[in-house]
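*Asks:* Have a look; sequence and predicted model below, questions after that.
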Amino acid sequence: MRTRAIVHAAMLSCVVSLTSLAPALAATSGEGPIKIGAIFAVTGPAAFLGAPEDKTVRMLVDEVNERGGVLGRQVQLIIKDSMYDPSKAISFAKELIDEDNVVAIIGPTGSGETMAIKDICQKAGVPLISCASAETIVDPVAKYVFSTPQRSDYIAESIFGEMNKLGISRVGLIASNTGFGNAGKAESEKLASKYGITIVISESYDSNATDLSALLTKVNAAGVQAVENWSIEPAQAIVAKNMAQLRMNAQLFQSHGFGNIKFVEAAGDAAEGIIFPCGRLIVADQLPDSNPQKKFLVGYASDYKRMYDEDASTFGGHAYDAFAILMAAIDAAKSTDADKIVAAIEGLKNFSGIGGVFNFSAVDHNGLSMDSIAIMTVKKGKFVLLADK
């Protein structure tokens, strides 16, 4: 058995136990495979996100199929590499729907890609479970569209709450000009006053930028106490390096897009002390044994490490949750009918995943709360809970 991850998800869910599927599998055998589409940025500027998503879902599909599949049918995974390009995501979504006749689509990796195909999936009546976090993916609610990461507005509020604790009130806000960056920037600008935060300068930058010194010099001249950066590209490491080179005294806050240790490795010593909110997967081993997610998270992290010889990231966790939610819904619905799958997802309560405990409804297609977020920092090249700093 190559991974116990999906088993952990099922055991912790009050809705369905995937480990109990085997006895019932033969009841509907004889049909063709259940085709699941996936759109991930496996290569390109967001590969740090998309590659772990790709690997995670492949791992889980193997596990499900080794156990006999779902509803007596094997799962056929069709993955498309969008390279973090919304136009490619559009083309692939249409191909998966019109030519491959998939039951549902997992992904895309990015918010911009997701928003580009949201209406396509909605009009086609094909469930989409996105791995991106922009609030606009699920607000307003579209019947067939869901997401698994913590929403951008929750992340912005978490950052501002920590700034309040540290006595920070003057902030420089920067973001890449992507769907993710724009969404985070917009939410931050909307929510700052609620926390008594003044955004003294707000700027966007090219996601392909390799040097942000000029921008950060401008931000520093504005007299900020902190820099808040929203991106999921290598720019996260570049911002940290450039701030160190400029000897800026401002505290750097990153979004949950920072939740891959490879960004820390890329930034080197400049990553030390960065503060960011994220799900608890990347600090699973530091959680107290009393934490209800610990055993589950440690299990997934160790399975992924054993399979791929690299650390699991929060992004692989988003894809994990999307796949687990879809499998649980298909099993609960006893059908691959789109409307029945949607109804089953909306009925999932206390469903433990990598990102947190999901409670979906007809008016909440993300299902997570602020409780799913922990504040973290970087200490000696590793992620740690901020309380341990």
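*Replies:* Looks like it came in fine.
*Asks:* per the record, what domains does the chain have?
*Replies:* 5-150+289-371, 152-278 (automatic domain parsing).
*Asks:* any low-confidence regions in the chain?
*Replies:* 1-30, 388-389 (pLDDT under 70).
*Asks:* Please enumerate the helices of it.
*Replies:* 5-12, 47-66, 86-98, 111-124, 152-166, 179-191, 213-221, 235-245, 261-267, 294-308, 314-333, 338-346 (DSSP state H).
*Asks:* From the chain's centroid, how far away is stretch 34-42?
*Replies:* Relative to its chain's centre, stretch 34-42 lies at 15 Å (C-alpha atoms, centre = their mean, to the nearest Å).
*Asks:* on that earlier part again, of the helices of the chain, which approaches residue 373 most closely?
*Replies:* With C-beta to C-beta, the closest approach to residue 373 among the helices of the chain belongs to helix 152-166: 5.0 Å. No exception for glycine: its C-beta is placed from N, CA and C like everyone else's.
*Asks:* about what we covered before: so which of the domains of the chain is nearest residue 377?
*Replies:* Nearest to residue 377 among the domains of the chain is domain 152-278; the distance by C-beta to C-beta comes to 5.1 Å.
*Asks:* That closest one spans what distance, first to last residue?
*Replies:* Domain 152-278 has an end-to-end distance of 11 Å (criterion: C-alpha to C-alpha, to the nearest Å).
*Asks:* one step back: okay if I get the domains of the chain as a markdown table plus distance to residue 381 and mean neighbour count?
*Replies:* Converted to a markdown table, these look like this (distance: least, C-beta to C-beta, whole Å; neighbours: other C-beta atoms under 10 Å):
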| stretch | distance to residue 381 | mean neighbour count |
| --- | --- | --- |
| domain 5-150+289-371 | 12 | 21 |
| domain 152-278 | 6 | 20 |
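*Asks:* a markdown table for the ones you listed, including distance to residue 386?
*Replies:* Output for the domains of the chain, formatted as a markdown table (distance: least, C-beta to C-beta, whole Å):
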| stretch | distance to residue 386 |
| --- | --- |
| domain 5-150+289-371 | 16 |
| domain 152-278 | 6 |
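*Asks:* show me what contacts the residue nearest to residue 286 when sequence neighbours are not counted?
*Replies:* Closest residue to residue 286 apart from its sequence neighbours, by C-beta to C-beta, 6 or more residues apart in numbering: residue 385 at 5.9 Å. Going by C-beta atoms under 8 Å, 6 or more residues apart in numbering, residue 385 touches 283, 286, 374-377.
*Asks:* Also residue 110?
*Replies:* 41, 46, 49, 82, 84, 86, 132, 178-180, 232.
*Asks:* quick one: stretch 323-336 to chain centroid distance?
*Replies:* Counting by C-alpha atoms, centre = their mean, stretch 323-336 comes out at 20 Å from the chain centroid.
*Asks:* ditto for stretch 186-203
*Replies:* How far stretch 186-203 lies from its chain's middle: 23 Å, per C-alpha atoms, centre = their mean.
*Asks:* so residue 31 touches residue 70, yeah?
*Replies:* No: assessed by C-beta atoms under 8 Å, residue 31 is found out of contact with residue 70, at 11.0 Å.
*Asks:* picking that back up, let's have the helices of the chain in a markdown table, adding distance to residue 145.
*Replies:* Shown next, in a markdown table, are the helices of the chain (distance: least, C-beta to C-beta, whole Å):
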| stretch | distance to residue 145 |
| --- | --- |
| helix 5-12 | 21 |
| helix 47-66 | 18 |
| helix 86-98 | 12 |
| helix 111-124 | 5 |
| helix 152-166 | 16 |
| helix 179-191 | 14 |
| helix 213-221 | 34 |
| helix 235-245 | 27 |
| helix 261-267 | 28 |
| helix 294-308 | 25 |
| helix 314-333 | 12 |
| helix 338-346 | 9 |
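*Asks:* so which of those helices gets nearest residue 200?
*Replies:* Among these, if distance is taken as C-beta to C-beta, the winner is helix 213-221, at 8.7 Å.
*Asks:* then that closest one to CSV, C-alphas only?
*Replies:* Taking C-alpha atoms only, helix 213-221 is exported to CSV below (Å, rounded to 0.1, in the frame of the first residue of the first chain):
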residue,chain,number,x,y,z
SER,A,213,14.8,46.5,-5.4
ALA,A,214,13.5,49.7,-7.0
LEU,A,215,9.9,48.9,-5.9
LEU,A,216,11.1,48.1,-2.3
THR,A,217,13.2,51.2,-2.2
LYS,A,218,10.0,53.2,-2.9
VAL,A,219,8.1,51.3,-0.3
ASN,A,220,10.9,51.8,2.3
ALA,A,221,10.9,55.6,1.6
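*Asks:* other SSEs contacting it?
*Replies:* Judged by 3 or more C-beta pairs under 8 Å, 6 or more residues apart in numbering; DSSP states H and E, the packing partners of helix 213-221 are strand 170-176, strand 198-205, helix 235-245.
*Asks:* Export these as JSON lines, with columns for distance to residue 315.
*Replies:* Formatted as JSON lines, these follow (distance: least, C-beta to C-beta, whole Å):
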{"stretch": "strand 170-176", "distance to residue 315": "16"}
{"stretch": "strand 198-205", "distance to residue 315": "22"}
{"stretch": "helix 235-245", "distance to residue 315": "13"}
